[in-house]
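K.L.:
Build the 3D model from these lines:
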Amino acid sequence: MADRKSAILDAAIGVIACRGVRGFRVEQVAEQAGVAVSLLYYYFGSRNGLVRATLDHANERAATAVRAASGRATVEATLLSELDADARDTSVVWGEVLASAVFEQDLREQLRDASDAWTELVAAAIAAGIEDGSIPASVDGHASAERLTALVDGVSARWLAGVIDRERARELLAGAIARELA
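P.N.:
All right, here's what the predicted structure looks like:
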């Protein structure tokens, strides 16, 4: 059952990545996942329930911890991985749900929780860097994590919209990380 739900959520990520939240149809997800529409309603209750579950699933995929030689290297690898080509679909889902939350109040709390979890993941890596000496003790880990994750959202949105290319996005983010953790 968990595999089937995961397949449905992977299909939903693909549909949102192609059509956005506004163009998202439960029937398209069912077709892509190879299941009946009724199964989606059984698992998720409604279209909005499926969108919320898809956001959680996208965040779980994105939060797969990157472990590197130091806390600083972990921070860098974690943030820069958000601009990898294979992270594109989850970045689109995040951006789509973020934009939809402007108009859909019921998404805001979940989005806030997901954003807080993302910030805490990066803050923990910064704390590890402070502990291992790869990041100066003067760095405010939580504030830096909040600024850096917000920057990832903005740079990612520009990359996905074609305003800047992926290499420029990574260059901007790497420079910001270096300055923030100096």
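
K.L.:
Break the chain down into its structural domains.
P.N.:
The record's domain parsing of the chain by automatic domain parsing lists 2-54, 63-180.

K.L.:
export these to JSON lines and tack on mean pLDDT?
P.N.:
Compiled in JSON lines, the domains of the chain are given as follows (pLDDT from 0 to 100):
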{"stretch": "domain 2-54", "mean pLDDT": "89"}
{"stretch": "domain 63-180", "mean pLDDT": "90"}
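
K.L.:
Take these and write them to CSV, including mean neighbour count.
P.N.:
Glycine gets a C-beta too; all of them are placed from N, C-alpha and C. Listed next are the domains of the chain as CSV, based on neighbours: other Cβ atoms under 10 Å:
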stretch, mean neighbour count
domain 2-54, 17
domain 63-180, 17
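
K.L.:
And the longest helix anywhere in the chain, what does it pack against?
P.N.:
Using DSSP state H, we find that the single longest helix of the chain is helix 105-132. When contacts are defined as 3 or more Cβ pairs under 8 Å, 6 or more residues apart in numbering; DSSP states H and E, helix 105-132 packs onto helix 47-62, helix 71-80, helix 88-101, helix 141-160.

K.L.:
That one vs helix 141-160, what angle?
P.N.:
Per axes from the mean of the first three to the mean of the last three Cα atoms, to 10 degrees, the angle that helix 105-132 makes with helix 141-160 is 120 degrees.

K.L.:
thinking again about what came up before, to Ala169, which of the helices and strands packed on helix 105-132 lies closest?
P.N.:
Closest to Ala169 of the helices and strands packed on helix 105-132 is helix 141-160 (Cβ to Cβ; 4.1 Å).

K.L.:
where's Asp86 relative to Arg170, distance?
P.N.:
To Arg170, Asp86 is 14 Å away according to Cβ to Cβ, to the nearest Å.

K.L.:
likewise Glu60?
P.N.:
Noted for Glu60: a distance of 23 Å to Arg170, by Cβ to Cβ.

K.L.:
Could you do Glu27 as well?
P.N.:
Plainly put, Glu27 is 37 Å away from Arg170 if you go by Cβ to Cβ.

K.L.:
and if you look at Glu109?
P.N.:
Counting by Cβ to Cβ, the separation of Glu109 from Arg170 is 32 Å.
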